[in-house]
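**Student:** have a look at this fold, sequence not included:
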């Protein structure tokens with residue numbers, strides 16, 4: 001694979017962030033530092049950017065992805081009833097698949113009804129869509145596997161899909177696919193006989209889905225089969241890569257209700273999980289020769305920072321870096337390279353903590369703002385400028401700002417621009433570091 005680590009010493013800031021720099025003609029525009037630029041899709045035409053020896057594997061991946069999407073669509077089309085087409089599944093919030101119940105509950109009629117709905121919505125490829133209430137009845141014949149697109153307008157938004165009625169048909173976004181698999185694993189543990197066979201078969205199909213979706217370099221896209229745009233990026237957002245790697249690791253080690261998997265598949269799953277370490281290490285951004293942390297997502301071929309939605313720019317991302325660090329610290333026998341990566345990432349988080357501030361509601365009119373609050377718990381900005389290490393914030397219109405209080409109210413209140421989440425990595429590090437100097 002092409003080894004890239006996002007090193008940026010001496011590179012201009014506009015190129016680093018993938019944005020158009022905007023002049024500040026007056027004080028009123030001083031907070032706008034640039035404009036977000038779209039991520040690049042994974043296409044066969046782009047493979048010339050790779051060394052010749054790597055192109056065949058990527059070409060085969062793209063061809064397999066395209067064939068799988070055709071199969072998925074054809075399978076649904078063959079189900080369509082003669083009468084009216086069933087409506088798409090309604091959008092719902094996350095949840096509805098609890099993973100923290102007493103073990104016996106997963107053998108209940110309630111849990112089995114959820115499991116039946118989960119199995120019914122599994123795509124032909126083996127994955128699941130997101131944002132659906134699994135307590136609802138099973139999928140009807142001809143009913144789509146996924147909701148309508150989140151962004152239905154045909155405009156220049158980075159969220160505009162190629163097909164508004166066929167998107168996220170198999171995804172790791174918002175914990176999809178891995179959550180369904182873990183729920184089914186708990187149910188099948190309570191049904192060791194024939195009653196649990198359908199759930200075990202669905203889990204194994206999910207394992208094969210994750211294996212097929214994994215890129216040749218070991219990362220995972222947000223959506224598979226791939227759809228283009230930022231969905232093709234290797235996605236650390238929502239812990240997608242780490243969750244995929246961890247569930248395959250659990251399959252390999254026969255943990256968490258996956259002990260029924262055949263030995264050969266367990267071995268393959270373990271190898272796939274191990275391969276996920278390489279793109280994580282290579283995607284850690286290096287600034288002036290020093291390792292920092294990770295972006296929310298990286299280009300699949302170059303592993304350099306990539307943008308996502310209109311207000312999600314190329315940046316150093318504290319939340320995603322927290323998830324990655326926790327995953328790396330979970331490794332039982334970390335290599336010197338993994339140890340160095342963890343030490344550097346934690347050091348960066350410690351150096352970029354925001355103290356004596358709070359991101360909190362100030363009034364019904366203003367909503368949340370960043371305010372002075374001496375003694376407040378330590379927080380971190382969601383995104384940091386790669387070159388300067390300073391917090392940055394995105395707004396509608398793809399503008400990038402250096403002050404969260406200057407962006408629009410709706411965008412300011414609709415996103416977790418600051419959080420205390422990275423403290424989890426620092427706490428885990430205190431336990432991990434003494435054994436890994």
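**Tutor:** Arrived safely. Quantities reported herein were computed from a predicted structural model and do not represent experimental measurements.
**Student:** now the element after the longest helix seen in the chain, going C-ward?
**Tutor:** In the chain, assigned by DSSP state H, the helix with the most residues is helix 52-79. Downstream of helix 52-79, the first helix or strand assigned by DSSP states H and E is helix 109-120.
**Student:** the helix or strand following that next one vs helix 109-120, what angle?
**Tutor:** Counting by DSSP H and E, the next helix or strand C-terminal to helix 109-120 is helix 178-189. Helix 178-189 runs at 130 degrees relative to helix 109-120, counting by axes from the mean of the first three to the mean of the last three Cα atoms, to 10 degrees.
**Student:** tell me the angle the following helix or strand past helix 178-189 makes with helix 109-120.
**Tutor:** Sequence order places helix 197-213 as the next helix or strand after helix 178-189, per DSSP H and E. Calculated by the same axes, to 10 degrees, helix 197-213 forms an angle of 40 degrees with helix 109-120.
**Student:** what's helix 197-213 in contact with?
**Tutor:** With Cβ atoms under 8 Å, 6 or more residues apart in numbering as the test, helix 197-213 has contacts from 64, 68, 115, 118-119, 122-123, 125-128, 170, 172, 177, 180-181, 184-185, 187-188, 191, 220-221, 224, 244, 247-248, 251, 258, 260-261, 265, 268-269, 272. Where C-beta positions appear, they are placed from N, C-alpha and C, glycine not excepted.
**Student:** pull the residues that contact stretch 419-436.
**Tutor:** Contacts of stretch 419-436 (Cβ under 8 Å, 6+ apart): 318-319, 321-322, 325-326, 329, 334, 339, 342-343, 345-346, 349-350, 353, 359, 377-380, 382.
**Student:** now the residues you listed: which count as buried?
**Tutor:** 318-319, 321-322, 325-326, 329, 334, 339, 342-343, 345-346, 349, 359, 379-380, 382 (16 or more other Cβ atoms under 10 Å).
**Student:** just those: which are in strands?
**Tutor:** 359, 380 (DSSP state E).
**Student:** quick one: mean pLDDT for the strand or helix carrying residue 282?
**Tutor:** Element membership for residue 282, per DSSP H and E: helix 277-283. Averaging pLDDT along helix 277-283 yields 98.
**Student:** paired strands for whatever helix or strand comes next after it, with orientation please.
**Tutor:** Moving toward the C-terminus from helix 277-283, the next helix or strand (DSSP H and E) is strand 286-287. Note on strand 286-287: by DSSP bridges, its sheet partners are strand 290-291 (antiparallel).
**Student:** quick one: list the elements packing against the very next helix or strand once past the partner strand.
**Tutor:** Following strand 290-291 in sequence order, the next helix or strand is strand 297-298 (DSSP H and E). Using 3 or more Cβ pairs under 8 Å, 6 or more residues apart in numbering; DSSP states H and E, the elements in contact with strand 297-298 are strand 234-235.
**Student:** which helices and strands sit right next to the strand it packs on?
**Tutor:** When contacts are defined as 3+ Cβ pairs under 8 Å, 6+ apart, strand 234-235 packs onto strand 297-298.
**Student:** ok now the strand it packs on, how far from the chain's centre?
**Tutor:** 9 Å (Cα atoms, centre = their mean, to the nearest Å).
**Student:** kindly report the same for stretch 264-279.
**Tutor:** 18 Å.
**Student:** what does stretch 310-328 give?
**Tutor:** With Cα atoms, centre = their mean as the basis, stretch 310-328 stands 10 Å off its chain's centre.
**Student:** please apply the same query to stretch 190-205.
**Tutor:** Distance, centroid of stretch 190-205 to centroid of chain: 27 Å (Cα atoms, centre = their mean).
**Student:** same deal with stretch 167-183?
**Tutor:** Centroid separation between stretch 167-183 and its chain, computed with Cα atoms, centre = their mean, is 10 Å.
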